[in-house]
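Chemist: Sharing a sequence plus its predicted fold:
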Amino acid sequence: MSREPRIRRIVEELSLEEKVRLTHGANDPEGRATGYVAGVDRLGIPPLRMADGPLGVRIPDESATAFPAPIALAATFDAELAREHGEALGRETRGKGQDVLLAPGANLVRVPHNGRNFEYFAEDPVLSATFAGAVVAGIQSQDVVATPKHYVANSQETARAAVDAEIDERPLRELYLPSFRSAVEAGAGSVMTAYNDVNGTRMSDHERLVRDVLKGEWGFEGYVVSDWFGTEGTAAAANGGLDVEMPGITMAEMQSAMAGDDADASETVDGDGDEPGELPDAIAEGMPDPESCERFADSLADAVESGAVPEERLDDMVARVLGVMDRVGLLEDDETRHASGDPTDSDDGAVDTPAHRELATRVATRGTVLLENDGVLPLADDADLAVVGPNVDEPVLGGGGSSETTPVVETDPRTGIAERAEGEVAVAHGLPRVEEVSMLEEFAGLDDDDENDPDGSGREPDLEGAAATAREADVAVVFVRDTASEAIDREDLRLPDRQEELIEAVAAENDRTVVVVNSSGPIEAPWREDVAAVLENWYPGQSHGNAVASILYGDVDPGGRLPVTFAPEDAYPTADERRYPGVDGTARYDEGVFVGYRHFDSTEREPTYPFGHGRSYADYEYVDADPDLEDGVVRVTVENTADRDGREAVQVYVRPPSVDGVDRPVRELAGFESVAIPAGERASVAVDLEDLAFARYGEDGDGWTVDPGEYALEIGRSSRDVRTTLRTELDSEFRERVRESLAARESSSTDRRVR
Ligand code: BGC
């Protein structure tokens, strides 16, 4: 491997002990970083500081912008916005004096119950890969290292550290790997391995997927880091291609660091479990066993001395870490560093800026999906409203776990609406506050002191009172939510507690009832026909109130489209327990490539709301569409026929020809473009088509194929609302070009395999 001579020289100067020090986590003396690799002072190598996570920078006891969840970002169907979002995340990370952001989450949404779906983008590989790439490019543009995670097939939190995902090569290549490959192509400096096994091998030891595919085929030159306590054998991990073991400290040390100023680091940390220091069972089941984690600090030097890990492998591990540090400016000498702004300095001026606040609002607004509307929305400015819901006094910042954020400023729905409304606003909670899970507080042994809502949890249910408030209003807006967390999946897709009853009680009294759903992913909505409008508002972050008010009143057109299918839970392929949560420790991915809408399109089951669905306050006519396959684009002209400005997400799907003996999805998303179209105007949109949508991966591992025959390009508003279909025979030149370009992306031109 040709390494920068400078990096090679540094590696040569390091002692064995110093090399090992650069391959594992240690205690951050400042107690701020989520992960900390101690530097080597003697050679001017600074420490490397890593912070969680996808919804904003998390530092114990500090605040930063609490951005909307990635699933809300993906719902914008706007890759440029994703790039901007990544830049802001990177800027805040640097602003906090951290070098690495442990984001984005790049796992495909396979299981609707997954407790971390809000941290991921989509059920479709083209949408997910586009967003993963754009966010990574944005983060890295700020000289911050992005860490797409969790490589690969971390599709569930139930038994996430123990489950073996049994997956064939074809779905791996077509669905689960593309987001990571795109993140690597976009310049990610590191990749985090998943806790789970894939086909019988732990991902932190996975020679084939880490060493051969990620580093070999894709030419990834950065470092591969384990998920926290995710490694087992040192030699297996190092030889399999893992470069950095995390966190490198004990669970107790980590818990007390996470407790921040609120706990005495010398004390045993107390959770809600049966014994002091134990986590509640549900969370504990999703956690890796820190006892079985073999730490590089304890055993890598011996493994190298005994020859179990070749020294050149250790050198490669270190060179990868140093190479990434160099790329983000951490290895520049003092003088150059100071002249160009020391990247190790904190700069609070880059955190929570007006521009980031505005961006957080814009993404939350633009990602909101109008699922149903019988005309009640947008609201008249002077409408008298009933704002109903157990949690209307707090913004939904996110789910539980490593992505939990603390904003500097926030608006709850009640305040956001009251500020915008010109009519009366009456508020009714109807139910006790729906308690969210703070895995971090549980983990750190802190009690949730209910500071957000001093009276909410003990409140008596009062559905009648809520219904009476709704009766008096022109429109009732009911806010409902799910709860989700890392380490635990959702039990079902219904709204928790008595929120469905609350909706029905309000809808019975007011036929202009609007439901705003704040959820981590798909929910079941058996009440949907009883209400006048439904908005999916995800986990919108700190600007919850402002963002939802601007959609409700139509200040912004709802540009959001569903990045995941909504359906009853028994209609998903994962309703089979062999597939999810798995039987005898194995989750069989034998639905193959039929995940998400690919499944619903090939079965009799109808989705409640299909992939790509989302209504607008305007109306559109698809005027014409002109494919230019040589350039891989379709030019689409769309007219906004309404008398109000709108935002359309133009979607292009490919319907491949059928081939005997090959199961193929009915359609696959090939490209999308979000565009603002003023009232009465036309927009011409060039939609780039992704090669992936035209090709299939041979079942027997014989690589990519683009079948001959007639293809349909379906252009429209969702996977089920096709407005124009173009039929075309792909010429052999085009087919060969697509095949070659996919193959080239998987066969790095230089031999960058690990040694
Ligand atoms: C999560 C990662 C996270 C890490 C550090 C793990 O439990 O799975 O996503 O980055 O903790 O907090």
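Modeler: Alright, I've got the coordinates. Numbers count the residues shown, from 1 in each chain.
Chemist: CA atoms for contacts and neighbours, from now on please.
Modeler: Noted.
Chemist: Show me how the record splits the protein into domains.
Modeler: In terms of domains, the chain is parsed into 3-248+295-332, 368-558, 618-745 (source: automatic domain parsing).
Chemist: will you turn these into CSV that also has mean pLDDT, mean neighbour count and distance to the ligand?
Modeler: Below are the domains of the chain laid out as CSV (pLDDT from 0 to 100; neighbours: other Cα atoms under 10 Å; distance: least, Cα to the nearest ligand atom, whole Å):
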stretch, mean pLDDT, mean neighbour count, distance to the ligand
domain 3-248+295-332, 97, 24, 5
domain 368-558, 94, 21, 5
domain 618-745, 95, 18, 27
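Chemist: Adding distance to residue 596, write these out as a markdown table.
Modeler: A markdown table is the format used below for those (distance: least, Cα to Cα, whole Å):
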| stretch | distance to residue 596 |
| --- | --- |
| domain 3-248+295-332 | 6 |
| domain 368-558 | 11 |
| domain 618-745 | 11 |
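Chemist: Minimum distance to residue 564: which of those has it?
Modeler: domain 3-248+295-332 (5.4 Å; Cα to Cα).
Chemist: residue contacts, residue 35?
Modeler: Neighbouring residues of residue 35 by Cα atoms under 8 Å, 6 or more residues apart in numbering: 25-26, 28, 49-51, 246-247.
Chemist: Phi, psi for the nearest residue to residue 620 once chain neighbours are set aside please.
Modeler: Ranked by Cα to Cα, 6 or more residues apart in numbering and with sequence neighbours excluded, the top spatial neighbour of residue 620 is residue 640, at 4.6 Å. Note on residue 640: its backbone torsions stand at phi -90, psi 110 [degrees, to the nearest 10].
Chemist: and if you look at residue 583?
Modeler: Torsion angles at residue 583 (phi, psi; degrees, to the nearest 10) stand at phi -120, psi 140.
Chemist: Need the pLDDT of it.
Modeler: Predicted confidence (pLDDT) for residue 583: 98.
Chemist: ok, how many other residues are close to it?
Modeler: Residues lying near residue 583 (other Cα atoms under 10 Å) number 13.
Chemist: Against residue 83, how distant is it?
Modeler: 40 Å (Cα to Cα, to the nearest Å).
Chemist: cool, residue 552 as well?
Modeler: 27 Å.
Chemist: For the stretch 151-300 of the chain, which segments count as strands?
Modeler: Applying DSSP state E, counting those that start in this stretch to the stretch 151-300 of the chain gives strands spanning 164-166, 190-192, 197-198, 201-202, 223-225.
Chemist: how about the ones you listed in CSV, adding distance to residue 238?
Modeler: Shown next, in CSV, are the strands of the stretch 151-300 of the chain (distance: least, Cα to Cα, whole Å):
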stretch, distance to residue 238
strand 164-166, 20
strand 190-192, 14
strand 197-198, 16
strand 201-202, 13
strand 223-225, 10
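Chemist: now for these, which one comes closest to residue 609?
Modeler: Per Cα to Cα, nearest to residue 609 of the strands of the stretch 151-300 of the chain: strand 164-166, 28.1 Å.
Chemist: contacts for that closest one?
Modeler: Residues contacting strand 164-166 (Cα under 8 Å, 6+ apart): 153, 196-202, 585-590.
Chemist: Direction included, what does it pair up with?
Modeler: strand 197-198 (parallel), strand 586-588 (parallel) (DSSP bridges).
Chemist: immediately after the last one, which helix or strand?
Modeler: By that I understand strand 586-588. helix 597-601 (DSSP states H and E).
Chemist: Pull that next one out as CSV, backbone CA atoms only.
Modeler: C-alpha atoms of helix 597-601 as CSV (Å, rounded to 0.1, in the frame of the first residue of the first chain):
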residue,chain,number,x,y,z
TYR,A,597,-42.2,-1.3,-0.8
ARG,A,598,-40.4,-4.0,-2.7
HIS,A,599,-42.3,-6.4,-0.5
PHE,A,600,-45.7,-4.7,-0.7
ASP,A,601,-45.5,-4.3,-4.5
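Chemist: Could you check how far that helix is from the centre of its chain?
Modeler: 21 Å (Cα atoms, centre = their mean, to the nearest Å).
Chemist: moving C-terminal of it, what's the next helix or strand?
Modeler: strand 620-628.
Chemist: ok, back up a step: may I ask which two of the contacts of strand 164-166 are separated the most?
Modeler: Largest pairwise distance in the contacts of strand 164-166, by Cα to Cα, is 19.4 Å, between 202 and 590.
Chemist: Now do the helices in the stretch 651-755 of the chain.
Modeler: Along the stretch 651-755 of the chain, counting by DSSP state H, counting those that start in this stretch, helices occupy 732-745.
Chemist: next one: the stretch 451-600 of the chain
Modeler: 463-472, 499-509, 544-552, 597-601.
Chemist: Tabulate those (CSV), appending distance to residue 680.
Modeler: Shown next, in CSV, are those (distance: least, Cα to Cα, whole Å):
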stretch, distance to residue 680
helix 463-472, 36
helix 499-509, 35
helix 544-552, 21
helix 597-601, 32
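Chemist: Spatially central residue for the chain, please.
Modeler: Centroid check for the chain by Cα atoms, centre = their mean gives residue 120 as the closest residue, at 2.2 Å.
Chemist: measure the nearest residue to residue 77 once chain neighbours are set aside to residue 638 for me?
Modeler: Setting aside the residues directly before and after it, residue 77 is nearest to residue 674 in space (Cα to Cα, 6+ apart), at 6.0 Å. Look at residue 674 and residue 638: by Cα to Cα, they are 11 Å apart.
Chemist: Need the residues touching each of these two.
Modeler: Counting by Cα under 8 Å, 6+ apart, residue 674 and residue 638 have no common neighbour.
Chemist: mind listing what the residue in the stretch 251-400 of the chain that the ligand sits nearest to touches?
Modeler: With Cα to the nearest ligand atom as the measure, residue 287 is the residue of the stretch 251-400 of the chain nearest to the ligand, at 7.3 Å. Neighbouring residues of residue 287 by Cα under 8 Å, 6+ apart: 159-161, 487.
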